[in-house]
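# Below is the sequence, then the predicted model.
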Amino acid sequence: MTPLVSIIVPMYNVESFIEECAESLLRQTLSSIEIIFVNDGSPDRSGDIAEAYAKRDARIQVIHKPNGGLSSARNAGMKIARGTYIGFVDGDDYVAETMFQRLAEEAEKDRLDIAGCGFYKQTSQRRTYVPPQLETARVLTREDIAERLKQAHESRFIWYVWRYLYRREMLERVNLSFDEEIRFAEDSPFNLSAFFAAKRVKMLDEGLYMYRENPESLTEAPYKPLMDENLQKQYKAKTAFYENHGLTDICKEDLETYICKHQIPMLLANACASSQSSREIKTRIRHVLSYAMVQEAVRNTSWGHKKLLKGERVVLGLCKLRQPFLLKLFFERRGKPKGSAG
């Protein structure tokens with residue numbers, strides 16, 4: 001019997017968390033599901049633990065593959081998914097027992113291509129609710145979505161695929177998959193295409209997903225050696241998407257402001273977090289300032305832009321003046337910036 005929902009769970013070094021993740025999926029009030037664990041060449045016992053669960057429940061299957069990154073793992077799961085809808089859960093997170101029933105109910109009732117929810121951000125000290133960044137409790141039509149895409153980065157609704165349920169037929173119609181060349185911040189290029197293709201979307205103001213800030217994950221590591229390369233690939237994917245769909249003129253400012261607010265500070269903070277010498281860090285900052293995405297955003301965004309906070313204006317001004325020493329000093333004193341690569 002064809003399941004209503006396919007849940008794809010990539011795994012890499014999540015041995016400490018995968019049991020809680022699996023148990024939350026097995027407790028789902030929606031029984032018509034299949035759970036696809038994708039062992040992305042994990043060196044720990046994640047794959048063995050998933051296999052043990054597969055022996056307990058026929059709805060579970062496990063894929064073992066060489067390490068290829070999160071995009072590759074998700075794509076491997078999508079290739080064998082049979083459900084009417086596809087959802088994603090990261091192996092170090094867990095979900096409310098009603099998550100997939102609630103999202104699937106809304107999707108079926110309102111003929112949705114995408115159904116989404118809020119989530120909780122969980123640390124060792126606290127849990128914080130993050131509501132959806134789109135209007136809730138009403139169906140957004142294609143015209144509504146086109147309007148929201150103009151501020152996709154400002155509103156951040158394209159961050160994180162795991163808070164959404166996608167109609168598989170819609171994804172297959174546009175041949176949508178994750179870009180396997182992007183191994184960091186891969187969600188937003190996928191979501192740009194998914195929301196552009198969607199005809200009907202609805203958000204629930206319910207915290208159904210539990211996102212764990214795992215200090216061992218790539219996202220939370222202080223220094224990310226692949227950040228520069230992958231953010232540039234992400235930028236090229238987004239600009240290509242805008243060009244292919246005639247959206248460049250109306251979406252350009254949103255992307256460039258986002259780069260100035262979030263990604264340039266991330267790139268500079270990442271450079272300062274490396275173990276290199278002071279001289280090498282300044283050289284690396286100069287290198288960051290030479291990236292096409294940085295130069296374009298810095299050139300086209302005014303220092304006094306109303307959406308920039310004081311610290312962001314300082315960084316932008318120092319970038320315009322090309323001051324690697326002062327940028328290094330700024331980030332060493334300030335520490336890790338808040339935000340995400342999106």
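Sure, I can see it.

# ok, and the closest non-adjacent residue to residue 331?
Taking Cβ to Cβ, 6 or more residues apart in numbering as the measure, residue 331 lies nearest to residue 272, with 4.3 Å between them; neighbours along the chain are not counted. (Glycine included, C-beta is placed from N, CA and C.)

# so the one you found touches residue 332, yeah?
Yes: applying Cβ atoms under 8 Å, one finds residue 272 in contact with residue 332, separated by 5.5 Å.

# just for this protein, where's the confidence low?
Filtered on pLDDT under 70, the chain yields the residue ranges 214-222, 335-342.

# Need the single longest helix in it, by residues.
The residue-count maximum for a helix in the chain (DSSP state H) belongs to helix 227-244.

# now the next helix-or-strand element following that helix: how far from the chain's centre is it?
Scanning forward in sequence from helix 227-244 by DSSP states H and E, the next helix or strand is helix 248-258. Using Cα atoms, centre = their mean, to the nearest Å, we find the averaged C-alpha position of helix 248-258 to lie 19 Å away from the chain's own average C-alpha position.

# And for stretch 317-324?
Mean-position distance between stretch 317-324 and its chain equals 29 Å (Cα atoms, centre = their mean).

# Need the overlap of contacts for residue 272 and residue 332.
Listed as contacting both residue 272 and residue 332 by Cβ atoms under 8 Å, 6 or more residues apart in numbering is no residue at all.

# Tell me which of these two has more neighbours.
Each of residue 272 and residue 332 had its neighbours counted (other Cβ atoms under 10 Å), and the higher figure belongs to residue 272 (25 against 13).

# ok, that one - contacts?
Each residue near residue 272 by Cβ under 8 Å, 6+ apart is listed here: 281, 285, 328, 331, 332.

# Mind doing that once more with 6 Å?
Contact analysis of residue 272 by Cβ atoms under 6 Å, 6 or more residues apart in numbering lists 281, 328, 331, 332.

# what comes into contact with the longest strand along the chain?
Identified as the longest strand of the chain according to DSSP state E is strand 200-212. Residues from elsewhere that reach strand 200-212, judged by Cβ under 6 Å, 6+ apart: 92-96, 99, 106, 110-122, 129, 131-132, 134, 136, 139-140, 145, 162-163.

# which parts of stretch 260-280 are buried?
260-273 (16 or more other Cβ atoms under 10 Å).

# hang on, isn't residue 59 packed against residue 34?
Yes: look at residue 59 against residue 34 with Cβ atoms under 6 Å: they come within range, at 5.3 Å.

# Next, the angle helix 227-244 makes with the helix or strand containing residue 268.
Element membership for residue 268 (DSSP H and E) is helix 264-272. In this structure, helix 264-272 runs at an angle of 160 degrees to helix 227-244, with axes from the mean of the first three to the mean of the last three Cα atoms, to 10 degrees as the basis.

# After helix 264-272, which helix or strand is next? Please name it.
Tracing the chain past helix 264-272, the next element assigned as helix or strand by DSSP H and E is helix 278-289.

# Please write out the alpha-carbon positions of that following helix in PDB.
Written as PDB, here are the backbone C-alpha positions of helix 278-289 (Å, rounded to 0.1, in the frame of the first residue of the first chain):
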ATOM      1  CA  SER A 278      47.200  37.200  12.200                       C
ATOM      2  CA  ARG A 279      48.900  37.900   8.900                       C
ATOM      3  CA  GLU A 280      47.200  35.000   7.200                       C
ATOM      4  CA  ILE A 281      43.800  35.900   8.500                       C
ATOM      5  CA  LYS A 282      44.200  39.400   7.100                       C
ATOM      6  CA  THR A 283      45.100  37.900   3.800                       C
ATOM      7  CA  ARG A 284      42.000  35.700   4.000                       C
ATOM      8  CA  ILE A 285      39.800  38.700   4.700                       C
ATOM      9  CA  ARG A 286      41.200  40.400   1.600                       C
ATOM     10  CA  HIS A 287      40.300  37.200  -0.300                       C
ATOM     11  CA  VAL A 288      36.700  37.300   1.000                       C
ATOM     12  CA  LEU A 289      36.400  40.900  -0.100                       C
END
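
# Who are the packing partners of that helix?
helix 264-272, helix 324-334 (3 or more Cβ pairs under 6 Å, 6 or more residues apart in numbering; DSSP states H and E).
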